[in-house]
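Engineer: Let's see this in three dimensions:
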Amino acid sequence: KLQRGRGPKPSSGSTDKTLGQTISETALKLFKQRAPKPRTLSVKLFQAPVATWSQADRQCKKTRQRICPSAVVEQMRLCEDKDPHHKNRWVPLSENGHWLDLKACRVVEKSQDVKVPALVACC
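Structural biologist: Take a look at the predicted model:
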């Protein structure tokens, strides 16, 4: 006579896996092998004595890149940069006419033709 739910009890040293555990482990291995790898972002920094937002944009286009968006510039932590050459510079952001002031660490909107000492981040 068979009783439901009462199979043989595994011994204390048993390493047997249930079918669910085996499937779960196999699925996790496949996911790790086939999951897309995170994209790396290539950022080039250019230092300019003075530049307008348009000039910075043209510089990035020469290298087939664009001005980095504020989210990328924020991750670069340029405000915390200890390089003395970067302290009084402005970083153009991909939003037209927006600049990050590295001295005050704040975003400012400026006219397209205003020239500032720039640190151009191209992505």
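Engineer: Count the neighbours of K44 for me.
Structural biologist: 13 (other CB atoms under 10 Å). Where C-beta positions appear, they are placed from N, C-alpha and C, glycine not excepted.
Engineer: Could you do A118 as well?
Structural biologist: Residue neighbour count, defined by other CB under 10 Å, stands at 22 for A118.
Engineer: just how off-centre is the helix or strand where it lies within its chain?
Structural biologist: In the assignment (DSSP states H and E), A118 maps to strand 116-122. Taking CA atoms, centre = their mean, to the nearest Å, one finds the center of strand 116-122 at 19 Å from the center of the full chain.
Engineer: helices or strands up against it?
Structural biologist: Other helices and strands packing on strand 116-122, by 3 or more CB pairs under 8 Å, 6 or more residues apart in numbering; DSSP states H and E, are strand 44-51, helix 53-62, helix 70-76, strand 90-92.
Engineer: hey, which of those is tucked in deepest?
Structural biologist: Greatest average neighbour count among the helices and strands packed on strand 116-122 goes to strand 90-92 (a mean of 26), per mean count of other CB atoms under 10 Å.
Engineer: Quick one: mean pLDDT for that one?
Structural biologist: Per-residue pLDDT values over strand 90-92 give a mean of 95.
Engineer: Need the contact partners of whatever helix or strand comes next after that strand.
Structural biologist: Sequence-wise, the next helix or strand downstream of strand 90-92 (DSSP H and E) is strand 98-101. Contacts with strand 98-101, where a contact means CB atoms under 8 Å, 6 or more residues apart in numbering, come from 53, 70, 73, 78-79, 90-93, 106-110, 116.
Engineer: among those residues, which two are most distant?
Structural biologist: Of all pairs drawn from these, the widest gap by CB to CB lies between W53 and C79 and measures 19.1 Å.
Engineer: and which of the contacts of strand 98-101 is nearest to T63?
Structural biologist: For the contacts of strand 98-101, the minimum distance to T63 (CB to CB) is 14.4 Å, reached by P92.
Engineer: can you tell me which residue is nearest the centre of this structure?
Structural biologist: Nearest to the geometric centre of the chain sits V72, at 5.9 Å (CA atoms, centre = their mean).
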